[in-house]
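Engineer: kindly return the folded structure for what I paste below:
(chains A and B)
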2 protein chains.
Amino acid sequence: MIKTPYLLFLGDAPDQLAAKVAQGIKDWRPEFAVGQFRMDGCKADMGLPDMTLEEAKAAGAKTLVIGVANRGGVISQAWKKVLVTALEEGFDLASGLHNLLQDEEDLVAVAKATGQDLHDVRVPEVDYPIANGKKRTGKRLLAVGTDCSVGKMYTALCMEKEMRERGMKASFRATGQTGILITGDGVPLDAVIADFMAGSVEYITPDNDADHWDIIEGQGSLFHVSYSGVTMALIHGGQPDALVVCHEPTRDHMRGLPDYQLPTLEAVRDMALSLAKVANPACQVVGYSINTQNMPEDEARAYCAKVEAELGLPATDPFRFGAGKLVDALDAI
Amino acid sequence: MIKTPYLLFLGDAPDQLAAKVAQGIKDWRPEFAVGQFRMDGCKADMGLPDMTLEEAKAAGAKTLVIGVANRGGVISQAWKKVLVTALEEGFDLASGLHNLLQDEEDLVAVAKATGQDLHDVRVPEVDYPIANGKKRTGKRLLAVGTDCSVGKMYTALCMEKEMRERGMKASFRATGQTGILITGDGVPLDAVIADFMAGSVEYITPDNDADHWDIIEGQGSLFHVSYSGVTMALIHGGQPDALVVCHEPTRDHMRGLPDYQLPTLEAVRDMALSLAKVANPACQVVGYSINTQNMPEDEARAYCAKVEAELGLPATDPFRFGAGKLVDALDAI
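Structural biologist: Residues are numbered from 1 along each chain as shown, chains lettered A, B, ... in the order given. Next comes the predicted model:
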């Protein structure tokens, strides 16, 4: 568990897109973002107060989160200087970079000397149990997809936000590195050992109030042959009461698999539901989340309307048009 | 890859059952079993020549395989003495014990000094790739199950044996520790990191002759919520042309999950086939393997006949009645 709130490190980001982790935190957990730290030449701006480490400390920040991708997979000396000083000033560090903080000897040494924590969110920090399949209290929703990277995390975050605004009890449960950095907790499921995958999902979605919803970030797709085992563990470990099927309509093949066509929404609905019922016979598909970022608005609205008409359940782009419809559908459960 | 042939270490096995790994090697790869090494008080006997380390070395043995479970999860000092001497005599060591050889400082030191290898088959020895889903040459069969531990490994080994006896090209592909020790190669799939599971299955079943069959050992079950993700990775990474559904008819609940009923053979057939067709649209279910060890023979035969009649495909206990029927069914593919 990463200590909040954060100072967002934007480094020498060449553009706004390079700082998408910081953007995610700013968008979804603004209360965690005390300020931003930018180095000379930084071209990203979250619209947060620029702060020195000292100022951020005074403002209550506990962790310096690396909110930017590094260039060439190397933590530069310019960054290092800031990171070391941050540890010395009493910050923990958190990172989702491919190259790990814990592989940098100087950072490890300073962290040890200062008693601060290095969080590499690509690496599991918990010894997860093997799943026991026992029915848990509270309710759970899982986002499943026709493919990888179709908007499952955004769907879950949009729904959580809408639910909280309505006064519902809802907790986004992160299963990937960006989600973990955004919320400060979760499981990096793709890095968990096979035997413990479903158990790790049970672990992050424990017993809860009867009217509490875990909104579980999905991963991969049952139809993506590289990662379908990870999706399977979410469906059985998550024990969902509700599924939302996520889709990006403009793809012409599965991500990274040029020989594989995308499945239909019907195929994902039927397959995911059949499998989910093994762990929770009451599970229902409640709606469709359409990622329309590559469509003009009229086309996007028409596509959602078509899905609704054909499949008989709410369909919307929750990021573009709001998650209200999808949340309404939960009232029936 | 473990060097063959083996000297089978039976240690101080309290009974025959404790030496089931050695028994598996003796049963399925007798050509790998040069002899057995028994300590005082050993109650197991594979019917192999008892050999000293020196005699086994002279007979060509390359690896001392620990073919017996240890007591209390500790490698005893009595064992240690043999293991250290084996390394000094030029043997590699191979083990599927929970406590690892590589965690024993003395063994590591002697292995290093002598240049011998320590194989802990519970630990992956390869950096597996992410699955790419590309169609591979050659044919593949995967054993899937209604539950864990219903005889998937035995089914695959029985079929491989029958196929080889018929002069067919067939390779058992191990995905669990016992299978790896038996054949000297394979992937300990339950210990692989989630992202690489399907890739590891692709890795052990590469391009091959058009008339060659990989007979892939299954793991878990699509209906076992603790391990279904591992099964899923086998179905998509294995890209099977043929599935055999394995079942143990006398179970009253899923192994380790008292609240879960076993699925029907029809449910496993339909679910596994639908998912397998994502990676290989030509996949077929070719038959049913019934583990009848808890049934008298007449009952066992009647059960198999009933399955055949109801499901319209060959059904047999390949360990008890031979794998001929199941292998016959492959001729049609």
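
Engineer: got a list of what the closest residue to A:A276 other than its chain neighbours touches?
Structural biologist: Nearest residue to A:A276, sequence neighbours excluded (C-beta to C-beta, 6 or more residues apart in numbering or on different chains): A:C283, at 4.1 Å. The C-beta positions use only the backbone N, C-alpha and C, and glycine is treated the same way. Taking C-beta atoms under 8 Å, 6 or more residues apart in numbering or on different chains, we find A:C283 in contact with A:240-243, A:273, A:276-277.

Engineer: try it again at 10 Å.
Structural biologist: A:140-142, A:235, A:238-243, A:272-277, A:333 (C-beta atoms under 10 Å, 6 or more residues apart in numbering or on different chains).

Engineer: so where do the strands sit in chain A?
Structural biologist: With strands called from DSSP state E, chain A shows them at A:6-11, A:33-38, A:63-66, A:92-95, A:118-120, A:139-145, A:169-173, A:212-216, A:242-247, A:284-290, A:315-316.

Engineer: which among these is found nearest to A:G151?
Structural biologist: Among the strands of chain A, strand A:242-247 comes nearest to A:G151, with 5.2 Å by C-beta to C-beta.

Engineer: may I have the closest one as CSV, with CA atoms only?
Structural biologist: Extracted as CSV, the C-alpha positions of strand A:242-247 are listed here (Å, rounded to 0.1, in the frame of the first residue of the first chain):
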residue,chain,number,x,y,z
ALA,A,242,-22.1,-8.1,-12.6
LEU,A,243,-20.0,-7.9,-15.8
VAL,A,244,-19.6,-5.0,-18.1
VAL,A,245,-18.3,-5.9,-21.6
CYS,A,246,-15.8,-3.4,-23.0
HIS,A,247,-15.1,-2.9,-26.7
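
Engineer: next, the buried residues of that strand.
Structural biologist: Neighbour-count burial for strand A:242-247 flags A:242-247 (criterion: 16 or more other C-beta atoms under 10 Å in any protein chain shown).

Engineer: for stretch A:95-115, same thing?
Structural biologist: A:95-97, A:100-101, A:104, A:107, A:110-111, A:114.

Engineer: among those residues, which ones are in helices?
Structural biologist: Secondary structure from DSSP state H places A:107, A:110-111, A:114 of those in helices.

Engineer: closest one of those residues to chain B?
Structural biologist: Nearest to chain B among those, counting by C-beta to the nearest C-beta, is A:L107 at 23.7 Å.

Engineer: state the distance from that closest one to A:M51.
Structural biologist: Per C-beta to C-beta, to the nearest Å, A:L107 is found 21 Å from A:M51.

Engineer: these two touch, right, A:V82 and A:A56?
Structural biologist: No - judged on C-beta atoms under 10 Å, A:V82 makes no contact with A:A56 at a distance of 11.6 Å.

Engineer: looking only at neighbour counts, state which of those two leads.
Structural biologist: A:A56 (25 against 18; other C-beta atoms under 10 Å in any protein chain shown).

Engineer: chain neighbours aside, what residue packs nearest to the more buried one?
Structural biologist: A:L7 (3.9 Å).

Engineer: got the contact list for that neighbour?
Structural biologist: Counted by C-beta under 10 Å, 6+ apart, A:L7 has contacts A:33-37, A:48, A:51-53, A:55-57, A:59-65, A:67, A:86, A:91.

Engineer: A:V82 now?
Structural biologist: Each residue near A:V82 by C-beta under 10 Å, 6+ apart is listed here: A:9, A:11, A:37, A:39, A:53, A:64, A:66, A:76, A:93.

Engineer: which ones are touching A:L262?
Structural biologist: Counted by C-beta under 10 Å, 6+ apart, A:L262 has contacts A:145-147, A:150, A:221, A:223-224, A:247-249, A:251-255, A:268.

Engineer: near chain B too, which of the buried residues of strand A:242-247?
Structural biologist: Among the buried residues of strand A:242-247, no residue lies close to chain B (C-beta under 10 Å from any C-beta of the partner chain).

Engineer: rebuild those as a markdown table, extending it with pLDDT.
Structural biologist: Output for these, formatted as a markdown table (pLDDT from 0 to 100):
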| residue | pLDDT |
| --- | --- |
| A:A242 | 98 |
| A:L243 | 98 |
| A:V244 | 98 |
| A:V245 | 98 |
| A:C246 | 98 |
| A:H247 | 98 |
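
Engineer: and which of those residues is nearest A:E165?
Structural biologist: Taking those together and measuring to A:E165 by C-beta to C-beta, the closest member is A:V244, at 17.8 Å.

Engineer: you'd agree that closest one is up against A:L313?
Structural biologist: Yes - the criterion here is C-beta under 10 Å, and A:V244 meets it with A:L313 at 9.5 Å.

Engineer: quick check: neighbours shared by those two?
Structural biologist: A:285-288, A:326, A:329.

Engineer: just those now: which is nearest chain B?
Structural biologist: A:V285 (16.7 Å).

Engineer: give me the pLDDT for the closest one.
Structural biologist: The model reports A:V285 with a pLDDT of 98.

Engineer: and it, how many neighbours does it have?
Structural biologist: Using other C-beta under 10 Å, A:V285 has 21 neighbouring residues.

Engineer: tell me the contacts of it?
Structural biologist: A:V285 neighbours (C-beta under 10 Å, 6+ apart): A:144, A:240, A:242-245, A:265, A:268-270, A:272-273, A:276, A:311, A:313, A:329.

Engineer: one more pass at 6 Å, please.
Structural biologist: A:243, A:269, A:273 (C-beta atoms under 6 Å, 6 or more residues apart in numbering or on different chains).

Engineer: sorry, back to before: quick one: which two of the contacts of A:V82 are the most distant?
Structural biologist: A:L53 and A:S76 (17.6 Å).

Engineer: so for these two, which residue has more residues nearby?
Structural biologist: A:L53 (19 against 14).

Engineer: ok, and the closest non-adjacent residue to the more buried one?
Structural biologist: Leaving aside its chain neighbours, A:L53 sits nearest to A:E89 (4.9 Å; criterion: C-beta to C-beta, 6+ apart).

Engineer: then A:T4?
Structural biologist: A:F32 (4.7 Å).

Engineer: number of residues surrounding the one you found?
Structural biologist: 21.

Engineer: the nearest residue to A:L118 once chain neighbours are set aside and A:P314: what is the separation?
Structural biologist: Sequence neighbours aside, A:L101 is the residue nearest to A:L118 in space, at 4.3 Å (criterion: C-beta to C-beta, 6+ apart). Distance of A:L101 to A:P314, computed by C-beta to C-beta: 42 Å.

Engineer: do the same with A:L17
Structural biologist: The spacing between A:L17 and A:P314, counted by C-beta to C-beta, is 31 Å.

Engineer: got it, and A:I130?
Structural biologist: From A:I130 to A:P314 the distance is 36 Å (C-beta to C-beta).

Engineer: A:W213 too?
Structural biologist: Taken as C-beta to C-beta, the span from A:W213 to A:P314 is 16 Å.

Engineer: same question, A:S226
Structural biologist: For A:S226 relative to A:P314 (C-beta to C-beta), the value is 30 Å.

Engineer: in terms of contact, does A:S95 touch A:L101 like I think?
Structural biologist: Yes - applying C-beta atoms under 6 Å, one finds A:S95 in contact with A:L101, separated by 5.2 Å.

Engineer: for chain A, what lies in contact range of chain B?
Structural biologist: Residues of chain A that fall close to chain B, judged by C-beta under 6 Å from any C-beta of the partner chain: A:130-131, A:133, A:190-195, A:197-198, A:223, A:225-226, A:228-230, A:232-233, A:236, A:257, A:278-279.

Engineer: related to what we said a few turns ago, what residues are shared contacts of A:S95 and A:L101?
Structural biologist: Shared contacts of A:S95 and A:L101, defined by C-beta under 6 Å, 6+ apart, are found at A:D120.

Engineer: picking up where we left off before, which one of A:W213 and A:P314 is surrounded by more residues?
Structural biologist: A count of neighbours by other C-beta under 10 Å puts A:W213 above the other of A:W213 and A:P314, at 25 against 20.
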